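Student: no FASTA, just this:
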Ligand SMILES: [Zn+2]
């Protein structure tokens, strides 16, 4: 079921998420709800805390090339990461990021260009992923959410000031 996404500067986005201990039905429902919510809002990634569930759970689904009318984010392509831990990283890259909790805002953010992450899948099986492209960036963005951080906090002082000023003036009908 689609859930409501928490919008910045809601204080709940600052909560440090807790580790998942049970890989049960309620976790699967959470993951399914997260997928429906993300796709409904045309997002490529979502952390559980963004739907007010402060657990160390994130999903990413990088759109594929698809014919018109076809779903370019099939559910089976969803990367579901539970209790992720970064075990290696290097390089640096700038990429224009957005976030479903800060709708309509896109900013260049510096990230590691390579990341290796250990995590568990929905069945509690240990997994490892490494990537040096878009996925590496998306994982870092979502993992920040688990620490209670939103991407605009990585902006320079000047850019952050400008963002906050414009954000206060935004239309509230979002
Ligand atoms: Zn985000």
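Tutor: Everything's here; your move. Source: prediction; values computed, not measured.

Student: From here on, just use CA atoms for contacts and neighbour counts.
Tutor: Noted.

Student: Helices of the protein, start to end?
Tutor: All helices of the chain, identified by DSSP state H, fall at 25-40, 134-146, 157-168.

Student: just these: most buried one?
Tutor: With neighbours taken as mean count of other CA atoms under 10 Å, the helices of the chain reach their highest mean count in helix 134-146, at a mean of 21.

Student: Rebuild the helices of the chain as JSON lines, extending it with distance to residue 120 and mean pLDDT.
Tutor: As requested, these are exported to JSON lines (distance: least, CA to CA, whole Å; pLDDT from 0 to 100):
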{"stretch": "helix 25-40", "distance to residue 120": "12", "mean pLDDT": "98"}
{"stretch": "helix 134-146", "distance to residue 120": "14", "mean pLDDT": "98"}
{"stretch": "helix 157-168", "distance to residue 120": "34", "mean pLDDT": "96"}
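
Student: ok, now which ones touch residue 14?
Tutor: Residues near residue 14 by CA atoms under 8 Å, 6 or more residues apart in numbering: 145, 147, 148, 149.

Student: Most neighbours out of those, which is it?
Tutor: Counting neighbours by other CA atoms under 10 Å, the top entry in the contacts of residue 14 is residue 145, with 25 neighbours.
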